[in-house]
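A.B. asks: My questions concern the predicted model and sequence given below.
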Amino acid sequence: MGRPFGIPVYVSPTWFIVAAFITFTFQGPVSSRLPDLSTPMTYVVSFVFAVLLYVSVLLHELAHCVVARMYGLPVRRITLYLLGGVSEIEREPETPGREFMVAFAGPLLSLGLAVIGFLAYRVIDPDTVAGVLILQLWLANLIVGVFNLLPGLPLDGGRMLRAGVWKLTKNSGSGTATAAWVGRALAVLLVAV
(Lines give C-alpha, C1' and ligand atoms only; values in the text may rest on other atoms or scores of the structure.)
Protein backbone atom coordinates (compact mmCIF):
# COMPACT_ATOMS: atom_id res chain seq x y z
CA MET A 1 0.00 0.00 0.00
CA GLY A 2 2.94 2.32 0.53
CA ARG A 3 6.17 2.93 2.44
CA PRO A 4 5.66 5.50 5.23
CA PHE A 5 9.03 6.17 6.90
CA GLY A 6 10.44 3.66 4.40
CA ILE A 7 8.47 0.80 6.01
CA PRO A 8 6.50 -1.35 3.54
CA VAL A 9 2.81 -1.63 4.44
CA TYR A 10 0.79 -4.60 3.25
CA VAL A 11 -2.94 -5.25 3.55
CA SER A 12 -4.04 -8.86 3.83
CA PRO A 13 -7.12 -9.84 1.82
CA THR A 14 -8.75 -10.67 5.18
CA TRP A 15 -8.96 -6.91 5.80
CA PHE A 16 -11.77 -6.77 3.25
CA ILE A 17 -13.77 -9.25 5.35
CA VAL A 18 -13.53 -7.07 8.46
CA ALA A 19 -14.16 -3.89 6.40
CA ALA A 20 -17.38 -5.43 5.08
CA PHE A 21 -18.36 -6.59 8.58
CA ILE A 22 -17.74 -3.11 10.06
CA THR A 23 -19.58 -1.44 7.17
CA PHE A 24 -22.71 -3.57 7.59
CA THR A 25 -22.59 -3.52 11.41
CA PHE A 26 -22.03 0.21 11.70
CA GLN A 27 -24.67 1.12 9.08
CA GLY A 28 -27.55 0.74 11.58
CA PRO A 29 -26.11 3.16 14.16
CA VAL A 30 -25.21 5.64 11.39
CA SER A 31 -28.75 5.44 10.04
CA SER A 32 -30.28 6.04 13.47
CA ARG A 33 -27.89 8.92 14.32
CA LEU A 34 -28.26 10.55 10.89
CA PRO A 35 -31.87 9.88 9.80
CA ASP A 36 -31.72 12.45 6.97
CA LEU A 37 -28.94 10.49 5.23
CA SER A 38 -29.99 8.15 2.43
CA THR A 39 -29.42 4.42 2.95
CA PRO A 40 -26.61 4.21 0.37
CA MET A 41 -24.85 7.15 2.06
CA THR A 42 -25.08 5.46 5.47
CA TYR A 43 -23.14 2.54 3.97
CA VAL A 44 -20.56 4.96 2.55
CA VAL A 45 -20.11 6.61 5.97
CA SER A 46 -19.81 3.17 7.57
CA PHE A 47 -17.14 2.15 5.06
CA VAL A 48 -15.26 5.43 5.69
CA PHE A 49 -15.27 4.53 9.40
CA ALA A 50 -13.80 1.09 8.59
CA VAL A 51 -11.02 2.72 6.55
CA LEU A 52 -10.29 5.36 9.20
CA LEU A 53 -10.22 2.69 11.91
CA TYR A 54 -7.54 0.82 9.97
CA VAL A 55 -5.64 4.06 9.41
CA SER A 56 -5.60 4.32 13.21
CA VAL A 57 -4.32 0.73 13.44
CA LEU A 58 -1.64 1.57 10.87
CA LEU A 59 -0.55 4.59 12.92
CA HIS A 60 -0.40 2.37 16.03
CA GLU A 61 1.89 -0.07 14.22
CA LEU A 62 3.97 2.74 12.72
CA ALA A 63 4.60 4.05 16.25
CA HIS A 64 6.15 0.69 17.19
CA CYS A 65 8.26 0.67 14.04
CA VAL A 66 9.49 4.25 14.31
CA VAL A 67 10.64 3.68 17.91
CA ALA A 68 12.23 0.35 16.92
CA ARG A 69 14.16 2.06 14.12
CA MET A 70 15.20 4.78 16.56
CA TYR A 71 16.97 2.00 18.48
CA GLY A 72 18.56 0.60 15.31
CA LEU A 73 16.23 -2.38 14.98
CA PRO A 74 15.46 -3.37 11.39
CA VAL A 75 11.77 -3.38 10.45
CA ARG A 76 10.69 -5.74 7.68
CA ARG A 77 7.09 -4.56 7.19
CA ILE A 78 3.67 -3.82 8.64
CA THR A 79 0.72 -6.01 7.69
CA LEU A 80 -2.91 -5.06 8.31
CA TYR A 81 -5.18 -8.08 8.55
CA LEU A 82 -8.48 -9.37 9.95
CA LEU A 83 -7.74 -8.74 13.65
CA GLY A 84 -5.68 -5.56 13.36
CA GLY A 85 -2.06 -5.14 12.44
CA VAL A 86 1.37 -6.56 13.06
CA SER A 87 4.80 -4.93 12.90
CA GLU A 88 7.55 -7.28 11.78
CA ILE A 89 10.63 -6.11 13.65
CA GLU A 90 13.52 -8.39 12.75
CA ARG A 91 15.34 -8.41 16.11
CA GLU A 92 14.39 -8.16 19.75
CA PRO A 93 15.54 -5.01 21.54
CA GLU A 94 18.82 -5.48 23.44
CA THR A 95 17.59 -4.03 26.74
CA PRO A 96 14.36 -4.22 28.74
CA GLY A 97 14.02 -0.43 28.59
CA ARG A 98 14.05 -0.48 24.80
CA GLU A 99 11.64 -3.42 24.76
CA PHE A 100 9.28 -1.43 26.98
CA MET A 101 9.49 1.71 24.83
CA VAL A 102 8.92 -0.12 21.52
CA ALA A 103 5.90 -1.92 23.03
CA PHE A 104 4.47 1.19 24.73
CA ALA A 105 4.66 3.39 21.60
CA GLY A 106 1.59 1.81 19.94
CA PRO A 107 -0.88 2.03 22.84
CA LEU A 108 0.42 5.52 23.65
CA LEU A 109 -0.35 6.65 20.11
CA SER A 110 -3.82 5.03 20.20
CA LEU A 111 -4.63 6.71 23.51
CA GLY A 112 -3.33 10.01 22.13
CA LEU A 113 -5.68 9.66 19.13
CA ALA A 114 -8.53 8.92 21.57
CA VAL A 115 -7.80 12.11 23.52
CA ILE A 116 -7.60 14.21 20.35
CA GLY A 117 -10.86 12.67 19.11
CA PHE A 118 -12.57 13.23 22.45
CA LEU A 119 -11.55 16.90 22.44
CA ALA A 120 -12.66 17.32 18.82
CA TYR A 121 -16.00 15.63 19.58
CA ARG A 122 -16.68 18.21 22.29
CA VAL A 123 -16.64 21.05 19.73
CA ILE A 124 -18.23 19.31 16.71
CA ASP A 125 -21.97 18.88 16.22
CA PRO A 126 -22.59 15.21 17.14
CA ASP A 127 -25.48 14.96 14.67
CA THR A 128 -23.26 15.35 11.61
CA VAL A 129 -21.25 12.81 9.62
CA ALA A 130 -18.03 14.21 11.12
CA GLY A 131 -19.52 14.03 14.63
CA VAL A 132 -20.57 10.39 14.23
CA LEU A 133 -17.19 9.39 12.76
CA ILE A 134 -15.18 11.23 15.40
CA LEU A 135 -17.23 9.70 18.23
CA GLN A 136 -16.69 6.18 16.93
CA LEU A 137 -13.01 6.77 16.19
CA TRP A 138 -12.14 8.15 19.61
CA LEU A 139 -14.01 5.29 21.28
CA ALA A 140 -12.33 2.72 19.02
CA ASN A 141 -8.86 4.16 19.69
CA LEU A 142 -9.56 4.17 23.42
CA ILE A 143 -10.53 0.50 23.26
CA VAL A 144 -7.50 -0.39 21.12
CA GLY A 145 -5.15 1.50 23.45
CA VAL A 146 -6.55 0.02 26.67
CA PHE A 147 -6.89 -3.52 25.25
CA ASN A 148 -3.29 -3.47 24.03
CA LEU A 149 -2.11 -2.52 27.52
CA LEU A 150 -3.43 -5.79 28.98
CA PRO A 151 -0.35 -7.49 30.46
CA GLY A 152 -0.17 -10.70 28.45
CA LEU A 153 1.57 -11.81 25.29
CA PRO A 154 1.03 -11.25 22.40
CA LEU A 155 -0.38 -7.85 23.37
CA ASP A 156 1.81 -4.78 23.81
CA GLY A 157 1.13 -4.86 27.55
CA GLY A 158 2.57 -8.38 27.57
CA ARG A 159 5.76 -7.10 26.01
CA MET A 160 5.84 -4.33 28.61
CA LEU A 161 5.37 -6.93 31.38
CA ARG A 162 8.12 -9.01 29.77
CA ALA A 163 10.41 -5.98 29.87
CA GLY A 164 9.61 -5.35 33.55
CA VAL A 165 10.28 -8.93 34.61
CA TRP A 166 13.41 -8.98 32.44
CA LYS A 167 14.63 -5.82 34.19
CA LEU A 168 13.96 -7.29 37.66
CA THR A 169 15.39 -10.76 37.02
CA LYS A 170 18.08 -9.81 34.47
CA ASN A 171 16.72 -12.73 32.40
CA SER A 172 14.70 -12.13 29.22
CA GLY A 173 13.52 -15.76 29.25
CA SER A 174 11.87 -15.27 32.64
CA GLY A 175 10.13 -12.19 31.29
CA THR A 176 8.87 -14.10 28.27
CA ALA A 177 7.60 -17.02 30.37
CA THR A 178 5.81 -14.73 32.82
CA ALA A 179 4.15 -12.66 30.07
CA ALA A 180 3.16 -15.83 28.20
CA TRP A 181 1.47 -17.36 31.27
CA VAL A 182 -0.33 -14.11 32.03
CA GLY A 183 -1.40 -14.03 28.37
CA ARG A 184 -2.85 -17.53 28.67
CA ALA A 185 -4.77 -16.53 31.80
CA LEU A 186 -6.10 -13.40 30.05
CA ALA A 187 -7.20 -15.49 27.07
CA VAL A 188 -9.16 -17.84 29.34
CA LEU A 189 -10.67 -14.87 31.18
CA LEU A 190 -11.69 -13.16 27.92
CA VAL A 191 -13.30 -16.35 26.60
CA ALA A 192 -15.15 -16.77 29.92
CA VAL A 193 -16.37 -13.16 29.83
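C.D. replies: Ah, there it is. Note that this is a predicted model, so its numbers are computed, not measured.
A.B. asks: residues in contact with A68?
C.D. replies: 75, 87, 89, 93, 102 (CB atoms under 8 Å, 6 or more residues apart in numbering). Quick note: C-beta positions are derived from backbone N, CA and C, even for glycine.
A.B. asks: Tell me the backbone dihedrals of the residue sitting furthest away from the middle of the chain, please.
C.D. replies: Going by CA atoms, centre = their mean, the residue of the chain most distant from its centre is D36, 32.2 Å out. Phi and psi for D36, reported as degrees, to the nearest 10, are phi -80, psi -10.
A.B. asks: same check, this time on E88
C.D. replies: phi -100, psi 100.
A.B. asks: related to what we said a few turns ago, ok, and the most crowded of the contacts of A68?
C.D. replies: V102 (27 neighbours; other CB atoms under 10 Å).
A.B. asks: and the next element down the chain from the longest helix belonging to the chain?
C.D. replies: Scanning the chain for the longest helix, with DSSP state H as the assignment, gives helix 39-70. Per DSSP states H and E, helix 39-70 leads on to strand 75-81 as the next helix or strand towards the C-terminus.
A.B. asks: Okay, angle between the longest helix of the chain and strand 75-81 too, please.
C.D. replies: Using axes from the mean of the first three to the mean of the last three CA atoms, to 10 degrees, the inter-axis angle of helix 39-70 relative to strand 75-81 is 160 degrees.
A.B. asks: Show me where the chain has its strands.
C.D. replies: 9-11, 75-81, 84-89 (DSSP state E).
A.B. asks: what sits against the nearest residue to Y121 once chain neighbours are set aside?
C.D. replies: Leaving aside its chain neighbours, Y121 sits nearest to I134 (4.8 Å; criterion: CB to CB, 6 or more residues apart in numbering). Listed by CB under 8 Å, 6+ apart, the contact set of I134 reads 117, 120-121, 124.
A.B. asks: any idea how far G72 is from G6?
C.D. replies: Going from G6 to G72 by CB to CB, to the nearest Å gives 14 Å.
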